[in-house]
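A.B. asks: coordinates only, sequence not included:
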């Protein structure tokens, strides 16, 4: 406890029991009867309408979640079909390039008895 000889221990005070100045004791009066205030018709209608709105919103939320699930399923089906068609198109493009190659065209021309004249060849590009 001592820091450079400056610290000292102070005597501790014992807390005294304090007496309250004013004593307040609440005693229920048996002559007074407490009653609840009844709800008015407007308050009842307001509660019912609020409950109906909350119920309708809950139903709308569930139905929108179901619709989203169905749309996602349809989207996956369509994407699978698109992938198949793209694969088919790629295969067809590859077959076209193989069938229209210069070496194959020369073979077909020789089978048919045709000859190649370089002056009559035109290259057409898209």
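C.D. replies: Everything's here; your move. Note that this is a predicted model, so its numbers are computed, not measured. Residues are numbered from 1 along each chain as shown.
A.B. asks: which stretches of this structure aren't confidently modelled?
C.D. replies: Within the chain, the segments meeting pLDDT under 70 span 1-5, 7, 15-23, 126.
A.B. asks: can you map out the helices along it?
C.D. replies: Assigned by DSSP state H, the chain shows helices spanning 41-99, 102-112.
A.B. asks: Report the angle between the shortest one and helix 41-99.
C.D. replies: Same thing as helix 102-112. Here the directions of helix 102-112 and helix 41-99 differ by 50 degrees (axes from the mean of the first three to the mean of the last three C-alpha atoms, to 10 degrees).
A.B. asks: Quick check: the gap between residue 81 and residue 75.
C.D. replies: Applying C-beta to C-beta, to the nearest Å, the value for residue 81 to residue 75 is 11 Å. Where C-beta positions appear, they are placed from N, C-alpha and C, glycine not excepted.
A.B. asks: Residue 55 too?
C.D. replies: Applying C-beta to C-beta to residue 55 and residue 75 gives a distance of 31 Å.
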